[in-house]
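Peer 1: Pasting the sequence and the predicted model now:
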Amino acid sequence: MAETDHHLYLVEHDLHGMSSWQVASVQRALSEAVRRENRRGGRIRYIQCIYSPEEHRCLCLFEAADPDLVRSVNDTAQFPLAHVMAVVSSVLDETSPPVPAEDP
Amino acid sequence: MSSGTTTGRLRGELTEFVGRRAELARVREALEEARLVTLTGPGGIGKTRLALRVAAGAGRVFRHGVWVVELGGLRDPGLLVMEVARSLGLLDQSAGWRVASLADYLRARQLLLVLDGCEHLADACAVMADALLRSCPELRIIATSRHVLGVAGEVTIAVPPMTVPADNAAGPEELVGYEAVRLFAGRGAAVLPGFAVDAGNSAAVAGVCRALDGIPLAVELAAVRLRSLSPGQILSRLGSRFQLLSGGGPASQPHHRSLQATLEWSYELLSDGEQAMWRRMSVFAGSFDLDAAEAVCGVGRVPAGRVADLVDALVAKSILVREGQGTARYRLLDTLADFGLAKLRGRGNERRLRLRHRAWYAGLAARQEAFGPGRAGWIAALDADHENLRAALRFCVSEPGEAAAAAQLACDLWRYWETHGHLTEGRRVLAALLNQLDYSATVRPRALWVAGYLAEVQGDIREARVLLEAAISAAKSTCDADAIAYASTYLGFVLYSLGEAADGQAVAETALRLHREAGDQIGTAQALMAIGYVHLYSGEPRAAAGRFAECARVCQSGDNVWYQTYAQWGLATTRWLLADRDGAAAQASAALSTMRDLDDPIGVALCLDTLSWTAAGQRQAVRALTLLSAVDAAWAAIQVGLPNTLREQHDAAVATARAAASESACQAATEKGAAMSQAEAIAFALRESRPPASPAGMLRDQGRPHLTGREQEVATLIAQGMTNSEIAAALVISARTVETHVQHIMNKLGCGTRAQIAAWAASGSASPPSAGNR
């Protein structure tokens, strides 16, 4: 994927009532959908999933050429109501002061 | 709720199944070893027929039945799992990942799923199948697809063409050993009684089958021509057609070329009117009825008055397939529809026909009989034309300038989507349309509140609030008082659900005032129900009862049976909460009876639940436990739950009834309830002696004496005039086994001769042979 074509997209999924096995199933389905999209020539990468067990929600981060590809893989994985948000990721400056350690 | 049957939803075979013994054996064997068997091959090769044949024979092996999901009409991969769930009778009420809820349902079931026509949804089918098979140990899947799905553990069987004679094949006796020849002869005899392969025509018949590469669809289309042509003439005309198509291009694959040649040839032999009908009917998706055909296709040189005759002619020529046991419906096979559409596009007429198609189905949706006594019929009509409604919406979404018309159609479908488990589909369509609609479009506020309402029903409360507030804002800018009233009706309940009860109450009261000022009886009823629900779920049964009673009065003056019945259920429930047990039981029974007529599965479950509490309260412990178990099954079957605030009533009833009955009585009652079908549970709750006839949407063959898959096969072969030895050879079983099957069939049908079995099998009757025929 060319550098200039990189865009990040975030999709939030409500996984209420799901077991950890089913949450793993969700990840497998999304990964497989991305793999199949790439095989067809779509340019998309499933970068990360952050899951909150308390909120029963997961945030899925994709890198893709356009949001339609992200919708397409979510459709394939059977998330037809996925709301796709374009996002920007910022990496903290390494020179930022570290979090102070607690006193022993 | 128990399926009560091991047959599931299998469509009966309309024509004789010919040959394929080796393939049947391979698929059956593969299904024993693998959990996903995919039948691949080009269009017209017979994948579906083979899969359904295997499925029909497998019915007794799978405790929870064989279920067929026809995917040809589904174009949206995101709706795949909803379509599968719907085929199993499950409603789409949750906004969560439906694969997980479907897997929950299937996990404890031993079931065969047939996914027919996966090629255009291959990736979605593969991802879903993989997830289901990993979660459901006793699930098996047969898929038909032009291509492999590519799932781990998948066994692929390429369906070959039918066997055809070699160039030097000799006489008719030898020829009938070839499947393609038997198919040609069988279909030929159907259009030309007495036709058989003989010494005079055997060479030509063999030539036709060879020329068509043994592709069943091509052979069938050619055989129909025996009505007016000899086998030799058919061969000669096909030969010249092949020469035209042998130049390469997309039809250069031998199988494709054979089929394409047959299609072109069949098309050219039709009259101008028949050709026009074939082209025009290709805009339909799935099946359609004659009224629709007349309205959509009856234009210009083919006036509506000629359509019935042309449809009749195309059925006779096997271009159209007739379906349906009541009102006739018609279907173009996918391959024939694709061909017709290509011809239509070639003439530049597709858009015109699609606009007529959209107009017809928009009219059907706009009938708006969702609340009156005609509700069940209207819903059944929408269900029968669901694929056409989708096609009309799909056209509008992709066609510039049609978004507003599509939004109108979508808004008219909201009650159908809601009560028949298409919430996700509705929300998805509306989201796409709202992206396209101008901000000033007059339909925009309505589209927003309908989308908000569907989100609310699906439990997506945050999204519902955003949409409903946007609807009110849009409606204010266009002075749409009607939309303000409806959006406020639903926003009131959303605010209550978000913990803002006072604001919710105020908004709902505003909505009620606006509906009354507008003289909108349905809106008034909805607002009264919404306020009643808020009171009911807030633990204020007396206030709730007042609103439900008012709603019932409002509905009585109009034709609003649906809300009136929900108000009746609300009154029954409030009576129960106010300790009027007898009154609650009487009112819930009346509501249940009407809910059955309205074919509303959620309303039925609500009424059954309330009746189970009243039975427990009336110290009818066994009856209560039976009902409680039946209603648990009813909720599970539609994958919907009793509202949480009423759940404690259900649980209390369970505790009361269990305390009053012995352990063995509890167990027996629970098992009895769990095994009841919905119709049986209703009859039990209403103290009827037996369930009435199945409503629309129930299994088509429930009234038919239940033969096993093998017995059905034997009955069909008897109807074809085969002896026991011939049947034994055809089914690869012993003659003694055939005799046993025949005896079982006679016992089940209550008849004494093979002729009676044959007559029954040929008639497709739902009833055993009558005494007069014995």
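Peer 2: Structure received. Residues are numbered from 1 along each chain as shown, chains lettered A, B, ... in the order given.
Peer 1: For the rest of this, base every contact and every neighbour count on C-alpha atoms.
Peer 2: Fine.
Peer 1: The host helix or strand of B:Glu671 packs against which elements?
Peer 2: Taking DSSP states H and E as the criterion, B:Glu671 maps to helix B:663-674. Using 3 or more CA pairs under 8 Å, 6 or more residues apart in numbering or on different chains; DSSP states H and E, the elements in contact with helix B:663-674 are helix B:621-638.
Peer 1: what's the angle from the helix it packs on to helix B:663-674?
Peer 2: Orientation of helix B:621-638 against helix B:663-674 (axes from the mean of the first three to the mean of the last three CA atoms, to 10 degrees) gives an angle of 40 degrees.
Peer 1: Can you check which helix is longest in chain A?
Peer 2: Looking across chain A with DSSP state H, the single longest helix is helix A:20-39.
Peer 1: any idea how far the very next helix or strand once past that one is from the chain center?
Peer 2: Sequence-wise, the next helix or strand downstream of helix A:20-39 (DSSP H and E) is strand A:44-52. Offset of strand A:44-52 from its chain centre (CA atoms, centre = their mean, to the nearest Å): 3 Å.
Peer 1: Stretch A:25-36 now?
Peer 2: 11 Å.
Peer 1: Stretch B:318-332 now?
Peer 2: Using CA atoms, centre = their mean, the offset of stretch B:318-332 from its chain centre is 15 Å.
Peer 1: in chain B, which helix or strand is least confident?
Peer 2: For chain B, using mean pLDDT, DSSP states H and E, the weakest element among its helices and strands is helix B:735-749, scoring a mean of 63.
Peer 1: ok, back up a step: the longest helix of chain A vs chain B: in contact?
Peer 2: Yes: residues of helix A:20-39 are located near chain B by CA under 8 Å from any CA of the partner chain, namely A:Gln22, A:Ser25, A:Ala29, A:Glu32, A:Ala33, A:Arg36.
Peer 1: Can you tell me the number of residues neighbouring B:Arg187?
Peer 2: 24 (other CA atoms under 10 Å in any protein chain shown).
Peer 1: Check A:Glu55 too.
Peer 2: 10.
Peer 1: Distance-wise, check it relative to chain B.
Peer 2: Counting by CA to the nearest CA, to the nearest Å, the gap from A:Glu55 to chain B is 14 Å.
Peer 1: Enumerate the residues of the stretch 301-450 of chain B near chain A.
Peer 2: With CA under 8 Å from any CA as the criterion, the stretch 301-450 of chain B meets chain A at residues B:Thr424, B:Arg427, B:Arg428.
Peer 1: of those residues, closest to B:Ala261?
Peer 2: Nearest to B:Ala261 among these is B:Arg428, at 40.4 Å by CA to CA.
Peer 1: How many residues are close by the nearest residue to B:Val197 once chain neighbours are set aside?
Peer 2: What sits nearest to B:Val197 in space, not counting adjacent residues and going by CA to CA, 6 or more residues apart in numbering or on different chains, is B:Pro172, at 5.8 Å. Residues within reach of B:Pro172, counting by other CA under 10 Å, total 19.
Peer 1: quick one: contacts for A:Glu37?
Peer 2: For A:Glu37, the contact set (CA atoms under 8 Å, 6 or more residues apart in numbering or on different chains) comprises A:Arg43, A:Ile44, A:Leu69, A:Val73.
Peer 1: Turn those residues into CSV, including neighbour count, distance to B:His535 and pLDDT.
Peer 2: Shown next, in CSV, are these (neighbours: other CA atoms under 10 Å in any protein chain shown; distance: CA to CA, whole Å; pLDDT from 0 to 100):
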residue, neighbour count, distance to B:His535, pLDDT
A:Arg43, 20, 52, 88
A:Ile44, 23, 49, 93
A:Leu69, 19, 45, 94
A:Val73, 29, 43, 96
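Peer 1: Save those as a markdown table, and put in distance to chain B too.
Peer 2: Supplementary listing: the contacts of A:Glu37 in a markdown table, determined by distance: CA to the nearest CA, whole Å:
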| residue | distance to chain B |
| --- | --- |
| A:Arg43 | 16 |
| A:Ile44 | 15 |
| A:Leu69 | 13 |
| A:Val73 | 9 |
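Peer 1: So which of these is the closest to B:Leu437?
Peer 2: Using CA to CA, A:Leu69 comes nearest to B:Leu437 of these, at 22.7 Å.
Peer 1: any idea how far the closest residue to B:Ser287 other than its chain neighbours lies from B:Gly72?
Peer 2: Once flanking residues are discounted, B:Ser287 sits nearest to B:Arg331: 4.5 Å by CA to CA, 6+ apart. Distance of B:Arg331 to B:Gly72, computed by CA to CA, to the nearest Å: 12 Å.
Peer 1: repeat for B:Val561
Peer 2: 36 Å.
Peer 1: now swap in B:Val302 and tell me
Peer 2: With the distance defined as CA to CA, B:Val302 ends up 28 Å from B:Gly72.
Peer 1: Also B:Glu418?
Peer 2: The separation that B:Glu418 has from B:Gly72, given CA to CA, amounts to 24 Å.
Peer 1: between B:Val561 and B:Gly72, which one's more packed in?
Peer 2: The neighbour count for B:Val561 versus B:Gly72, taken as other CA under 10 Å, is higher for B:Val561 (21 against 18).
Peer 1: did I read that right, B:Phe288 in a helix?
Peer 2: No: if the criterion is DSSP: H, G, I helix; E, B strand; the rest coil, then B:Phe288 is strand and not within a helix.
Peer 1: near chain B, which residues of chain A?
Peer 2: Within chain A, the positions near chain B by CA under 8 Å from any CA are A:14-16, A:18, A:22, A:25, A:29, A:32-33, A:36, A:74-81.
Peer 1: what sits against the nearest residue to A:Val23 once chain neighbours are set aside?
Peer 2: What sits nearest to A:Val23 in space, not counting adjacent residues and going by CA to CA, 6+ apart, is A:Leu15, at 7.3 Å. When contacts are counted by CA under 8 Å, 6+ apart, A:Leu15 touches A:Val23, A:His56, A:Arg57, A:Cys58, B:Gly96, B:Trp97.
Peer 1: I figured the last one hits A:Leu81, correct?
Peer 2: Same thing as B:Trp97. No: contact between B:Trp97 and A:Leu81 fails when scored by CA atoms under 8 Å: they sit 9.8 Å apart.
Peer 1: where in the stretch 101-250 of chain B is pLDDT low?
Peer 2: B:168-170, B:240-250 (pLDDT under 70).
Peer 1: For the one residue in it that gets nearest to chain A, what is the enclosing helix or strand?
Peer 2: Taking CA to the nearest CA as the measure, the point where the stretch 101-250 of chain B comes nearest chain A is B:Ala124, at 4.4 Å. B:Ala124 belongs to helix B:122-135 when assigned by DSSP H and E.
Peer 1: what's the offset of stretch B:185-195 from the middle of its chain?
Peer 2: Relative to its chain's centre, stretch B:185-195 lies at 33 Å (CA atoms, centre = their mean).
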